[in-house]
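Colleague: model the structure of this input:
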Amino acid sequence: MKKILTAFFLSSLLSACVTSDIDIQPHQLAGVWGCETIYKDLNAATRDVVAVYPDKKVEMQGIIYDHHFDLWIGRMVENYFRTPFRYATTSKGTWQMKGNKLIYNLTQQSARRAIDPKVMERVQKHPKFKEIEQAIFNVYSERNTNQKDRIELKVIQIGTNYFIAKQILPNNTYLSQCRRLTSQEQSIQFLLGIERK
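Modeller: Numbers count the residues shown, from 1 in each chain. Purely as a prediction, here's the structure:
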């Protein structure tokens, strides 16, 4: 009986943490967040530092970890956050909450290469590698011209220092895991993938 009560209590506690149908108050999301998303079918992952301001502005700095070269050479991806092919992104815009939907309306976006110069030098020497890398960069940098972009996330779980959200696109759904960052140092460490001690 004690085990059944414990199991019931735990399941009630866990279900109370899931916020699929309740409103999330904007103040719960204000702050700086470190978010990771894996896009397996797109051969990429992102790590973003997202500053959500009370005045409804949002700023993002991120890294795209691209694995198209792994696919091209037939290598399995073991860690989506480890690759020499990285692209740094910055975005600015506004945010809003509708129920449990977090909506970013991005109006300024840019991307640049964050590839080690030695790796880039080797890529430039191989015509096919150069062509593939340029095509990848073109995809990420095509939004550099103040093109508006709307991102909708459905927050499915939230706590004081974390939230989990689903990004639902026409062909797939992706899970973003976010944790609150409390200092500039933590933000830099998060982007670089340095684990906290």
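Colleague: stretch 177-188 - what's its average pLDDT?
Modeller: Averaging pLDDT along stretch 177-188 yields 92.
Colleague: could you list the low-pLDDT ranges of the protein?
Modeller: For the chain, the stretches with pLDDT under 70 are 1-22, 143-147, 195-197.
Colleague: what about the strands in the chain?
Modeller: In the chain, the segments counted as strands under DSSP state E are 31-39, 44-52, 57-66, 86-98, 101-113, 149-158, 162-168, 173-181.
Colleague: and the first one, which residues are buried?
Modeller: In this case it means strand 31-39. Using 16 or more other C-beta atoms under 10 Å as the test for burial, strand 31-39 gives 32, 33, 34, 35, 36, 37, 38, 39. (Glycine included, C-beta is placed from N, CA and C.)
Colleague: who does the residue lying closest to the fourth one once chain neighbours are set aside bridge with?
Modeller: The reference is to residue 35. Leaving aside its sequence neighbours, residue 35 sits nearest to residue 178 (C-beta to C-beta, 6 or more residues apart in numbering; 4.0 Å). Beta bridges link residue 178 to residue 35, residue 163 when assigned by DSSP bridges.
Colleague: so what's residue 178 up against?
Modeller: Contacts for residue 178 (C-beta atoms under 8 Å, 6 or more residues apart in numbering) come out as 33, 34, 35, 36, 50, 162, 163, 164, 165.
Colleague: for residue 103, state which of the residues you listed is nearest.
Modeller: residue 165 (11.1 Å; C-beta to C-beta).
Colleague: residue contacts, the closest residue to the closest one other than its chain neighbours?
Modeller: Excluding the flanking residues, the one nearest residue 165 by C-beta to C-beta, 6+ apart is residue 153, at 3.8 Å. By C-beta under 8 Å, 6+ apart, residue 153 lies in contact with 101, 102, 103, 104, 165, 166, 167, 176.
Colleague: what's near enough to touch residue 47?
Modeller: Per C-beta under 8 Å, 6+ apart, neighbours of residue 47: 34, 35, 36, 62, 63, 65, 81, 190, 191, 193.
Colleague: residues contacting residue 176?
Modeller: When contacts are counted by C-beta under 8 Å, 6+ apart, residue 176 touches 35, 36, 37, 153, 164, 165, 166, 167.
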